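A.B. asks: Provided below are the primary sequence and the corresponding predicted coordinates.
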Amino acid sequence: MNSFILFLSIFRYVFSVRFRQLEGLTIALRRMFPILPSIDYSWIRRRIIRPRRNARIDRRPASRRSSARMIRDYGYDIWRRVVGYGKRWMAETAISVFKSIFGEEILSKKPRWMRTEIVQKAFIYNLLLNAA
């Protein structure tokens, strides 16, 4: 689940996608990959955005409430390390390298072949990483 959240946050950042559009993307991805979780707009927004310093801990949802409580009790730095917040630069670097090798375009037209093309490119990318 955390890797899917990371993917969504990277996708949102790289392509400047709004949360509602990201919800549409998750619906389309779920059609192609039924094992993915069903995610709505409010869930995406709560998971990706860091809680404010003065965030309330007596309201829903539980994930935001626990993050706000952890920030209050232990401080931002410990929360950031535990949750993994602030590591977006690593994903941005990987996406940048991937796009510089393979380009930004997908040549296939049908979703089935798009998925196959992306999987093949990812496989080749991983081979290149492991060879270095």
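C.D. replies: Everything's here; your move. Treat the numbers as computed from the prediction; the structure is a model and nothing was measured.
A.B. asks: packing partners for the longest helix along the chain?
C.D. replies: For the chain, the helix with the greatest residue count under DSSP state H is helix 111-131. Applying 3 or more CB pairs under 8 Å, 6 or more residues apart in numbering; DSSP states H and E, one finds that helix 111-131 contacts helix 88-102. All C-beta atoms are positioned from the backbone trio N, CA, C, and that covers glycine.
A.B. asks: if we can go back for a sec, what angle do the longest helix of the chain and helix 88-102 make?
C.D. replies: 100 degrees (axes from the mean of the first three to the mean of the last three CA atoms, to 10 degrees).
A.B. asks: got any ranges where the chain has weak pLDDT?
C.D. replies: Along the chain, the parts satisfying pLDDT under 70 run over 1-2, 13, 40-51, 60, 132.
A.B. asks: returning to what we had before: run through who's touching the longest helix of the chain.
C.D. replies: Residues outside helix 111-131 that contact it (CB atoms under 8 Å, 6 or more residues apart in numbering) are 32, 97-98, 101-102, 106-108.
A.B. asks: now that helix, how far from the centre of its chain.
C.D. replies: 18 Å (CA atoms, centre = their mean, to the nearest Å).
A.B. asks: going by neighbour count, which residues in it are buried?
C.D. replies: By neighbour count, with 16 or more other CB atoms under 10 Å as the criterion, helix 111-131 contains no buried position.
A.B. asks: fine by me, thanks again.
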